[in-house]
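Asker: Structure for the following, please:
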Amino acid sequence: MGIISNIDLLSGPFPVLLAVLACLSGAALLLRRGRGWILGVVAAALLAAVLAWAANWYVVNVAGLSAYDLPLQVIAWIGTGIFAILLMVLNLAVGRGWRRLLAPVAMAVVVVAVAAQVNVYFGAYRTIGDLTGASTANIAPLAFSGANGRHILAPAAPVNSPVVNRWVKPAGLPLTGTVNSVQLPGRVSGFTARTGYVYLPPAYQAHQRPLLPVLVLITGQPGSPADWLKAGGLQATIDAFAAAHQGLAPVVVIPDVNGTHSGNTMCMDSKIAKADTYLAVDVPAWIKNTLSVDLNPRHWAIGGFSFGGTCALQMAALHPGTYPSAIDLSGEAEPAISANRSATIQAAFGGNTAAFNALTPLAMMAKTHYTDSWIYFAAGAQDGRFTGYQNLVSAAARTAGMTVTTHSVPGAGHSWAVPLNSLGPALNWLAPRLGLAP
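Answerer: Got it, this is the predicted structure:
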């Protein structure tokens, strides 16, 4: 079962084999003589195109799974899957014998291949284990060894010095960090969050544990905190960073800010939830009261991808004292529930545009000068919409006094390829700031 769970869905022989089978299955569905058949195929193709655009409209305007149209490539793959279903119907209607028997099987193969190609675009599931949940199913809850259900040990050194200046790597230090599940209560906000996760780097496992910096990471929407462990490849990225820094890396906390897979709090205090208070008050309080970390706020950062990138930008703009450093990967210019801004404001603020505008990062940066804030931006080079957002917001951040750098990920669209290729460089850029490098 472990071998099956580890099958790579994004590269290697499996997607190639699936593509070959899909081509053969498509040919079996499509190839047939007769003028009437050709007219039927043309009609099916046109209907598939219409239904694909209708599916995109439903995702954006009804289901609320995205505030923006799906990428054209994804819409095209959806249309291909619908086309295969319509061809199956045609084969069942006019076919005989083996065609009627083969048509459902061929359609299923094409639809599975289409789903695989959509997954390749977004990079949401890297293995079959990610898809089934097996890759994160056995992550154990964080065990508390301290008094009163806490993980805190006696401080190893004063917190006012960078950890790199007070760290000597001991012999026998583990090569990798650990990942555990955690529950982060919304004591002040009242927010009910799903299970979150915490990554504790190798240095955290030392007998004389140093006080390490903190990185809070927010996932995309729709999604869950586990996405950072699966699609985001978090542990491999931070383990690699730690290996290059004598076992040092930030303690990474991945809270949930949406409550459900398709929920959208916009990381704001609104009619929907007090998500801003949860991230700015409850999460930092839990970290400080539970984990052995550096309490110096200058050594704290927040980051995220897509929705999470927007959220990180919001925290950096509204709460620079709590999160003076941020990593915004493919974030928006402002939070959104719908492509219709008025619908977003109605749902979250009862139509009060002024209340919404006052809490957007661009508005906050326009009236605030940041004397000690750093922010790293990245977006896919093929993602024109979010590259535009990056250009707009990064310029505003510079004008507001923030220290800014931007990165374009070659060949990437709006997908998890951006975090996979940007989180490591972002941490390297922030390392001196977080006290992890001279």
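
Asker: Give the burial count for Lys230, as a bare number.
Answerer: As a burial measure, Lys230 scores 23 neighbours (other C-beta atoms under 10 Å). Every C-beta, even on glycine, is put in place using the N, C-alpha and C of the backbone.

Asker: any idea how far it is from Ala236?
Answerer: 11 Å (C-beta to C-beta, to the nearest Å).

Asker: Trp57 too?
Answerer: Taking C-beta to C-beta, one finds Trp57 at 37 Å from Ala236.

Asker: again with Pro213
Answerer: With C-beta to C-beta as the criterion, Pro213 and Ala236 are 20 Å apart.

Asker: Equivalent analysis for Asp8, please.
Answerer: 14 Å.

Asker: and if you look at Gly308?
Answerer: Distance from Gly308 to Ala236, by C-beta to C-beta: 19 Å.

Asker: Which one of those two is surrounded by more residues?
Answerer: Neighbours per residue, other C-beta under 10 Å: of Gly308 and Ala236, the larger number sits with Gly308, 32 against 13.

Asker: who's in contact with the more buried one?
Answerer: Contact analysis of Gly308 by C-beta atoms under 8 Å, 6 or more residues apart in numbering lists 217-221, 329, 331.

Asker: Return the backbone torsion pair for it.
Answerer: For Gly308, the backbone dihedrals (degrees, to the nearest 10) come out as phi -70, psi -30.

Asker: Skipping adjacent residues, who's closest to it in space?
Answerer: Ile218 (3.3 Å; C-beta to C-beta, 6 or more residues apart in numbering).

Asker: Which pLDDT value belongs to that neighbour?
Answerer: On pLDDT, Ile218 comes in at 98.

Asker: was I right about it contacting Leu313?
Answerer: No. The criterion here is C-beta atoms under 8 Å, and Ile218 misses it with Leu313 at 10.5 Å.

Asker: The two: which has the busier surroundings?
Answerer: Leu313 (34 against 30).

Asker: tell me the SS of the more buried one?
Answerer: helix (DSSP: H, G, I helix; E, B strand; the rest coil).

Asker: Ala285 - nearest residue in space that isn't next to it in sequence?
Answerer: Leaving out its chain neighbours, the residue that sits closest to Ala285 by C-beta to C-beta, 6+ apart is Arg187, at 7.2 Å.

Asker: Would you agree that neighbour falls within a strand?
Answerer: No. Counting by three-state DSSP, one finds Arg187 to be coil, located in no strand.

Asker: ok, so what distance separates it from Lys274?
Answerer: 11 Å.

Asker: Ser415 too?
Answerer: Distance from Ser415 to Lys274, by C-beta to C-beta: 31 Å.

Asker: Tyr199 belongs to a strand?
Answerer: Yes. Under three-state DSSP, Tyr199 sits within a strand.

Asker: what's around it, how many residues?
Answerer: 25.

Asker: any idea how far it lies from Trp416?
Answerer: Taken as C-beta to C-beta, the span from Tyr199 to Trp416 is 17 Å.

Asker: How about the contacts made by Pro410?
Answerer: Ala381.

Asker: and if you look at Leu362?
Answerer: Residues near Leu362 by C-beta under 8 Å, 6+ apart: 333-334, 392-393, 396.

Asker: Distance check, the closest residue to Met266 other than its chain neighbours against Phe307.
Answerer: Leaving aside its sequence neighbours, Met266 sits nearest to Pro335 (C-beta to C-beta, 6+ apart; 3.6 Å). Going from Pro335 to Phe307 by C-beta to C-beta gives 8 Å.

Asker: Now for those two: what residues contact both?
Answerer: Common neighbours of Pro335 and Phe307, using C-beta under 8 Å, 6+ apart, are Cys267.

Asker: Lys161: neighbouring residues, count only.
Answerer: One correction, residue 161 is Ser, not Lys. When neighbours are counted by other C-beta under 10 Å, Ser161 registers 13.

Asker: how many neighbours does the closest residue to it other than its chain neighbours have?
Answerer: Nearest non-adjacent residue to Ser161, counting by C-beta to C-beta, 6+ apart: Gly435, 7.7 Å away. By the measure other C-beta under 10 Å, the count of residues near Gly435 is 26.

Asker: any idea how far Val16 is from Ala116?
Answerer: Going from Val16 to Ala116 by C-beta to C-beta gives 11 Å.

Asker: Looking only at neighbour counts, state which of these two leads.
Answerer: The neighbour comparison of Val16 against Ala116 (other C-beta under 10 Å) goes to Ala116, with 19 against 10.

Asker: Show me which of the contacts of Gly308 is closest to Tyr204.
Answerer: Nearest to Tyr204 among these is Leu217, at 16.4 Å by C-beta to C-beta.

Asker: Which secondary structure state does the closest one sit in?
Answerer: strand.

Asker: Repeat that for Gly388.
Answerer: Under three-state DSSP, Gly388 comes out as helix.

Asker: cool, and the one 4 residues further on?
Answerer: The three-state label given to Leu392 by three-state DSSP is helix.

Asker: Can you say which helix or strand has the nearest residue to it once chain neighbours are set aside in it?
Answerer: Counting by C-beta to C-beta, 6+ apart, Leu392 lies nearest to Ala333, which is 5.5 Å off, once chain neighbours are set aside. Taking DSSP states H and E as the definition, one finds Ala333 inside no helix or strand.

Asker: Low-confidence stretches in the stretch 51-200 of the chain?
Answerer: Applying pLDDT under 70 to the stretch 51-200 of the chain flags residues 145-159.

Asker: all helices of it, in order?
Answerer: Under the criterion DSSP state H, counting those that start in this stretch, the stretch 51-200 of the chain contains helices at 72-94, 98-122, 128-132, 134-137.

Asker: Point out the other helices and strands that the longest one packs with.
Answerer: Contact here means 3 or more C-beta pairs under 8 Å, 6 or more residues apart in numbering; DSSP states H and E; on that basis helix 98-122 packs against helix 13-30, helix 72-94.
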